[in-house]
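Peer 1: Return atomic coordinates for the entry below.
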Amino acid sequence: MLAVGAAAAATIGFGFGSDGDGATAAELPPATTTVTRQTLDDTESVDGTLGYGDTTKLAARSGGTVTTLPYAGSVFQRGHAVYKVDNQPVVLMYGKLPAYRALGPGDEGADVKQLETNLRALGHTGFTVDDEFTSATADAVRDWQDDLGVTETGRVELGRVLFAPGPIRIDSVTATLGGGVGPGQEVLAYTGTSRVITVQLDIGEQRLAKKGTKVSVELPDGKRVDGTVQRVYTVIEASDDPNGAPETKIEAQVSLADAKAGAGLDVAAVEVTFTAAQHADVLTVPVAALVALAEGGYGVELVEGSATRYTRVETGLFANGRVEVAGDGVTEGVTVGMPK
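Peer 2: Sure, this is the predicted structure:
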């Protein structure tokens with residue numbers, strides 16, 4: 001914005017006295033404006049996409065025939081069977097650590113504690129939630145297996161449980177009902193259940209998006225809701241030109257304060273307004289009112305009755321065609337000239 005101000009400002013050199021007050025001018029400026037006191041916001045609006053955030057692909061951990069599949073858009077919570085292979089359920093549990101091994105008596109680790117935490121949340125008791133798979137844990141697993149209608153082994157085979165951070169929503173289904181699936185083959189893709197807005201910014205706009213930044217979101221129906229930046233990360237975007245270099249972009253994910261906002265819209269285009277800076281109760285003039293001084297810096301032309309004088313100003317925030325100013329004689333309501 002500073003470069004815009006400099007380009008818009010006329011250049012003038014005048015012989016400041018020792019006090020640097022400026023000089024009078026014989027002609028009144030062709031146009032004038034007044035110094036305004038306001039809250040100045042440095043904002044920028046960008047296009048975004050309302051959806052459910054990143055998708056995670058789910059691959060089968062065991063082979064067989066797919067006997068049950070969910071529909072896209074289905075929502076699953078802890079304890080629900082997401083799909084079945086050979087009529088054996090793959091059950092959702094909550095946790096950040098993916099299942100990577102079968103679990104049984106004698107096993108220890110964070111994955112054991114994660115399993116036990118879920119068993120307790122599903123109403124199974126009689127064991128201690130810790131990182132040890134004991135005989136008491138095995139009894140709880142048998143109770144859980146009985147509820148599922150599967151063989152009560154007291155062990156959890158690899159592929160029986162899908163761990164996700166929370167409830168999931170099915171984004172797409174790759175497998176075919178009645179078709180075969182093998183270990184490592186994609187079955188479906190899922191997301192979280194919270195509405196998320198994804199926006200992409202040029203690398204030079206990184207200042208706009210910081211974790212915790214408050215934003216305003218305009219929905220397709222024109223309603224505005226508040227949002228908060230939850231994640232900021234970089235992505236590499238391929239060039240449309242086969243010979244072009246890839247480009248680094250900034251992506252930000254924004255959560256909505258109103259969880260019901262945009263209800264009924266799976267995917268929608270929205271406008272996100274970022275506020276990079278806000279200066280409250282400051283004096284401002286249009287950027288075009290600035291005069292670039294030959295000695296360096298900026299000034300404004302104060303109109304005092306039938307005479308004018310130039311005075312040096314310190315500039316602050318540039319935003320929305322206006323600039324924060326402070327200087328001798330620059331007060332609220334004062335008239336300033338607009339250079340040709």
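Peer 1: how near is the closest residue to residue 163 other than its chain neighbours to residue 106?
Peer 2: Counting by Cβ to Cβ, 6 or more residues apart in numbering, residue 95 is the residue found nearest to residue 163 once chain neighbours are left out, at 4.2 Å. Heads up, the C-betas are built off the backbone N, CA and C, glycines and all. Separation of residue 95 from residue 106 (Cβ to Cβ, to the nearest Å) stands at 21 Å.
Peer 1: okay, these two: which has more neighbours?
Peer 2: Taking neighbours as other Cβ atoms under 10 Å, residue 95 and residue 106 compare with residue 95 leading, 20 against 10.
Peer 1: Need the per-residue pLDDT for the residue nearest to residue 306 when sequence neighbours are not counted.
Peer 2: Distances taken as Cβ to Cβ, 6+ apart put residue 28 closest to residue 306, at 7.1 Å, once the chain neighbours are dropped. You'll see residue 28 listed with a pLDDT of 87.
Peer 1: In contact with the residue nearest to residue 163, which residues?
Peer 2: Going by Cβ atoms under 8 Å, 6 or more residues apart in numbering, residue 95 touches 111, 114, 117-118, 163-165.
Peer 1: The strand of greatest length in the chain: what's the following helix or strand?
Peer 2: In the chain, assigned by DSSP state E, the strand with the most residues is strand 268-286. Downstream of strand 268-286, the first helix or strand assigned by DSSP states H and E is strand 291-293.
Peer 1: Strands of the stretch 101-250 of the chain, residue ranges please.
Peer 2: 161-164, 168-173, 180-181, 186-191, 196-202, 214-218, 224-237, 247-256 (DSSP state E, counting those that start in this stretch).
Peer 1: got these as CSV, with mean pLDDT columns?
Peer 2: What follows is the strands of the stretch 101-250 of the chain, written out as CSV (pLDDT from 0 to 100):
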stretch, mean pLDDT
strand 161-164, 98
strand 168-173, 97
strand 180-181, 96
strand 186-191, 98
strand 196-202, 93
strand 214-218, 94
strand 224-237, 93
strand 247-256, 93
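Peer 1: need these in JSON lines with distance to residue 136, can you?
Peer 2: Converted to JSON lines, the strands of the stretch 101-250 of the chain look like this (distance: least, Cβ to Cβ, whole Å):
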{"stretch": "strand 161-164", "distance to residue 136": "19"}
{"stretch": "strand 168-173", "distance to residue 136": "30"}
{"stretch": "strand 180-181", "distance to residue 136": "34"}
{"stretch": "strand 186-191", "distance to residue 136": "32"}
{"stretch": "strand 196-202", "distance to residue 136": "40"}
{"stretch": "strand 214-218", "distance to residue 136": "48"}
{"stretch": "strand 224-237", "distance to residue 136": "39"}
{"stretch": "strand 247-256", "distance to residue 136": "40"}
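Peer 1: Distance-wise, check residue 242 relative to residue 163.
Peer 2: Computed as Cβ to Cβ, the residue 242 to residue 163 distance reads 41 Å.
Peer 1: Between these two, which is the more surrounded one?
Peer 2: More crowded of residue 242 and residue 163, by other Cβ under 10 Å: residue 163, with 18 against 6.
Peer 1: So the more buried one sits against residue 96, correct?
Peer 2: Yes: counting by Cβ atoms under 8 Å, residue 96 is a contact partner of residue 163 at 7.5 Å.
Peer 1: pLDDT at the residue nearest to residue 163, what is it?
Peer 2: pLDDT, residue 95: 98.
Peer 1: And residue 15, by the same measure?
Peer 2: With respect to pLDDT, residue 15 has a value of 43.
Peer 1: Just the contacts of residue 95: which are in helices?
Peer 2: Members of the contacts of residue 95 lying in helices (criterion: DSSP state H): 111, 114, 117-118.
Peer 1: Tell me how far the nearest residue in space to residue 116 that is not next to it in sequence lies from residue 85.
Peer 2: Closest residue to residue 116 apart from its sequence neighbours, by Cβ to Cβ, 6+ apart: residue 129 at 4.6 Å. To residue 85, residue 129 is 29 Å away according to Cβ to Cβ.
Peer 1: So the two - more neighbours on which side?
Peer 2: Taking neighbours as other Cβ under 10 Å, residue 129 and residue 85 compare with residue 85 leading, 21 against 16.
Peer 1: May I have the beta-bridge partners of that one?
Peer 2: Residue 85 has these beta-bridge partners by DSSP bridges: residue 66, residue 88.
Peer 1: Surely residue 167 touches residue 74?
Peer 2: No: the criterion here is Cβ under 8 Å, and residue 167 misses it with residue 74 at 10.9 Å.
Peer 1: what pLDDT, on average, does stretch 299-319 get?
Peer 2: 94.
Peer 1: how many other residues sit next to residue 142?
Peer 2: Neighbours around residue 142, by other Cβ under 10 Å: 16.
Peer 1: Am I right that it is in contact with residue 153?
Peer 2: Yes: counting by Cβ under 8 Å, residue 142 does reach residue 153; the two are 7.5 Å apart.
Peer 1: which residue is nearest the centroid of this structure?
Peer 2: residue 253 (2.1 Å; Cα atoms, centre = their mean).
Peer 1: wait, what's in contact with it?
Peer 2: Each residue near residue 253 by Cβ under 8 Å, 6+ apart is listed here: 53, 196-198, 229-232.
Peer 1: mind redoing it with 6 Å?
Peer 2: Counting by Cβ atoms under 6 Å, 6 or more residues apart in numbering, residue 253 touches 196, 198, 230-231.
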